[in-house]
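Asks: Sequence plus the predicted model coming up.
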Amino acid sequence: MNKVILVAHGKLAHEMKKSAEMIFGALPDVQSIEFLKEEGLDSIQQKISQAMTDETANYLILADLFCGTPYNASCGIAMKNTQQSIEVVSGMSLPLVLEAASMLQGNYLSSIVKHLTSVAGDTVKSFREQIIEEEEDF
């Protein structure tokens, strides 16, 4: 079974989950963890570890910033916990959360990560560039 943990600065992870649920409905296999200004690496690692209650699950941790404290804490947990399949991906966005949530059932965790990293660039679009491309197609 695959599960997702969203972890980010401030309340972004909680709000990201709420936004995803507006589109998909309840996401019981997605958890969110906030990282507050007064907290440090140890406290966020503790929160992430406490969220990983299912020892038989594979965990995809989506963090907001590469090399930010939530990302670094997640990587530390993944490196220490060699008995469980844990993947950490940075660049959390609503499109990536939706992609991950839609793939949780019936896919290997490595396949989900590969898909997310391959589509990440496609989730950012410039209106002006899209208009120019469409005009050129006619």
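Replies: Received, thanks. Numbers count the residues shown, from 1 in each chain.

Asks: Test for you: state the pLDDT assigned to residue 124.
Replies: Residue 124 carries a pLDDT score of 87 in this model.

Asks: Ignore what I typed, I meant residue 83.
Replies: Listed pLDDT for residue 83 reads 83.

Asks: next one: residue 129
Replies: If you check residue 129, the pLDDT there is 83.

Asks: For residue 58, see how far away residue 94 is.
Replies: Note on residue 94: its distance to residue 58, by CB to CB, to the nearest Å, is 22 Å. The way it works is simple: take the backbone N, C-alpha and C, and place the C-beta from them, glycine included.

Asks: Name the helix or strand for the closest residue to residue 54 other than its chain neighbours, please.
Replies: Of all residues not flanking residue 54 in the chain, residue 3 sits nearest, at 6.6 Å (CB to CB, 6 or more residues apart in numbering). Residue 3 belongs to strand 2-9 when assigned by DSSP states H and E.

Asks: Need the nearest residue in space to residue 70, chain neighbours excluded.
Replies: Counting by CB to CB, 6+ apart, the residue nearest residue 70 is residue 7, at 4.2 Å.
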